[in-house]
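Student: output the structure for:
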Amino acid sequence: EVQLVESGGGLVQAGGSLRLSCAASGFTFDDYDIGWFRQAPGQEREGVASITNSDGSTYYADSVKGRFTVSSDNAKNTVYLQMNSLKSEDTAVYSCKAVQMGRPVYWGQGTQVTVSS
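Tutor: Residues are numbered from 1 along each chain as shown. Model prediction:
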């Protein structure tokens, strides 16, 4: 069974940190690129960060650049999103997505991040 399971969300004060995890199973993790997305109430889903497992290259949205760091532990089939200097506008449901050209796309169920000001 294919699964992407996010964890690590919660309630944190502005300026604080959280580390999200995206644990994958049921597919060849190393072949996929993993992206983190977020969706706040009433807003469209936006891409936050991504990592290419083949070469480790990363991408960050301008809104999180310098504050968030995406990393991958292929031995654990897990991608992390370290979030520092959190702001109230970072409040959203964060989800991970596994993509690879020509193959099915997989989504996790999401984890809630709430930043109190």
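
Student: what ranges do the strands span in the chain?
Tutor: 3-7, 10-13, 18-25, 33-39, 46-52, 58-60, 68-73, 78-83, 92-99, 106-107, 111-116 (DSSP state E).

Student: turn these into TSV, including mean neighbour count and mean pLDDT.
Tutor: (Each C-beta comes from the backbone N, C-alpha and C, glycine too.) Converted to TSV, the strands of the chain look like this (neighbours: other CB atoms under 10 Å; pLDDT from 0 to 100):
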stretch	mean neighbour count	mean pLDDT
strand 3-7	17	96
strand 10-13	13	98
strand 18-25	19	97
strand 33-39	21	97
strand 46-52	19	97
strand 58-60	15	97
strand 68-73	18	96
strand 78-83	23	97
strand 92-99	21	97
strand 106-107	16	95
strand 111-116	17	98
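
Student: looks like Gly56 contacts Asp73 (just checking).
Tutor: No. Counting by CB atoms under 8 Å, Asp73 is not a contact partner of Gly56; they are 11.5 Å apart.

Student: now the residue nearest to Val113 when sequence neighbours are not counted: how far from Asp31?
Tutor: Residue nearest to Val113 in three dimensions, not counting chain neighbours: Gly9, with 4.7 Å by CB to CB, 6 or more residues apart in numbering. The gap separating Gly9 from Asp31 is 27 Å, by CB to CB, to the nearest Å.

Student: now for Val93: which residues touch it?
Tutor: By CB atoms under 8 Å, 6 or more residues apart in numbering, Val93 lies in contact with 38-40, 110-113.

Student: now do the contacts for the nearest residue to Leu18 once chain neighbours are set aside.
Tutor: Nearest residue to Leu18, sequence neighbours excluded (CB to CB, 6+ apart): Met83, at 5.0 Å. Taking CB under 8 Å, 6+ apart, we find Met83 in contact with 17-20, 64, 67-68, 90, 113.

Student: of the residues you listed, just say which sits nearest to Val105.
Tutor: Leu20 (19.2 Å; CB to CB).

Student: in the chain, which residue is most central in space?
Tutor: Trp36 (3.0 Å; CA atoms, centre = their mean).

Student: I figured it hits Tyr94, correct?
Tutor: Yes. Contact criterion CB under 8 Å: Trp36 and Tyr94 qualify, at 6.2 Å.
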